[in-house]
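K.L.:
Predicted model and sequence below, questions to follow.
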Amino acid sequence: GAVVSQHPSWVICKSGTSVKIECRSLDFQATTMFWYRQFPKQSLMLMATSNEGSKATYEQGVEKDKFLINHASLTLSTLTVTSAHPEDSSFYICSAPHQAGVGDTQYFGPGTRLTVL
Amino acid sequence: GNSVTQMEGPVTLSEEAFLTINCTYTATGYPSLFWYVQYPGEGLQLLLKATKADDKGSNKGFEATYRKETTSFHLEKGSVQVSDSAVYFCALSAYAGKSTFGDGTTLTVKP
């Protein structure tokens, strides 16, 4: 149990276009999901917390207008990279906690590799 | 704020060698601690976890013990295999499910 999927697994786009990445919890509901960004050979950086039914909470330094997050249902969160540029190329990973409360296990999606030309 | 410090890599071992990857943390409250593994081109997989002091997490021959007195959660394996080659991340989760990660340690096991 506790599977999180992401779609697409990889995407290549032209500079200036927008890209949507989906994160789904397949066998459980998640009122909260998290979006991370990982640069090559580096650790994961938390970008934002996606909240079902309310606005996302962004970490300091993350542009809200650049990275739009929508938590449409208890099993789906989307991250849209708007007007993508080459510096947005990265590995984007989402996660969802499987049980409510502090310190629960996070289940991670397989990641989406974005390449902006 | 919360932070996780991991042993710097890369680490290169011969097959069947003993592995230790050090991890220490700073956190307010009582975090849960995790080790994740990431294979090339893939997302993170939970390797093991511990939710309170003195708990020992174990999986696939890997072990780590939550040491509150030394704020550590070192990863160990008695005999590594080539298939264990991957990047290992130590992480903590202390508030609202947010995770803080260490920088990752790349392990390469040679036959």
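P.N.:
Looks like it arrived, so ask away. What you see is a predicted model; the values in this text were computed from it and never measured.
K.L.:
surely residue A:81 meets residue A:115?
P.N.:
No. With contacts counted by Cβ atoms under 8 Å, residue A:81 stays clear of residue A:115, the gap being 11.5 Å. Every C-beta, even on glycine, is put in place using the N, C-alpha and C of the backbone.
K.L.:
more neighbours, the two?
P.N.:
Summary of the neighbour comparison: residue A:81 and residue A:115, criterion other Cβ atoms under 10 Å in any protein chain shown, with residue A:81 having more neighbours (23 against 14).
K.L.:
contacting residues for the more buried one?
P.N.:
A:18-19, A:21, A:66-67, A:88, A:114 (Cβ atoms under 8 Å, 6 or more residues apart in numbering or on different chains).
K.L.:
same question, residue B:57
P.N.:
If you count contacts by Cβ under 8 Å, 6+ apart, residue B:57 has them with B:33-35, B:48-50, B:63-66.
K.L.:
Torsion angles phi and psi at it?
P.N.:
As for residue B:57, its main-chain torsions (degrees, to the nearest 10) stand at phi -90, psi 140.
K.L.:
again with residue A:88
P.N.:
Main-chain dihedrals, residue A:88, degrees, to the nearest 10: phi -80, psi -10.
K.L.:
before we move on, what about residue B:60?
P.N.:
Torsion angles at residue B:60 (phi, psi; degrees, to the nearest 10) stand at phi 50, psi 30.
K.L.:
Work out for me the element the residue nearest to it when sequence neighbours are not counted sits within.
P.N.:
Computed as Cβ to Cβ, 6 or more residues apart in numbering or on different chains, the closest residue to residue B:60 that is not its neighbour in sequence is residue B:47, at 7.3 Å. Using DSSP states H and E, the secondary-structure element containing residue B:47 is strand B:44-50.
K.L.:
What are the contacting residues of that strand?
P.N.:
Residues outside strand B:44-50 that contact it (Cβ under 8 Å, 6+ apart): A:44, A:93, A:95, A:105-108, B:32-39, B:56-60, B:62-66, B:73, B:75, B:88-89.
K.L.:
Enumerate the residues of chain B near chain A.
P.N.:
If contact is defined as Cβ under 8 Å from any Cβ of the partner chain, the residues of chain B in contact with chain A are B:29-32, B:34, B:36, B:41-46, B:49, B:51, B:89, B:93-104, B:106.
K.L.:
per-residue confidence for the residue nearest to residue B:60?
P.N.:
As predicted, residue B:47 sits at a pLDDT of 94.
K.L.:
so where's chain B shaky on pLDDT?
P.N.:
Scanning chain B for pLDDT under 70 picks out the ranges B:95-96.
K.L.:
Which single residue of it ends up nearest chain A?
P.N.:
For chain B, the residue closest to chain A is residue B:32, as judged by Cβ to the nearest Cβ, at 3.5 Å.
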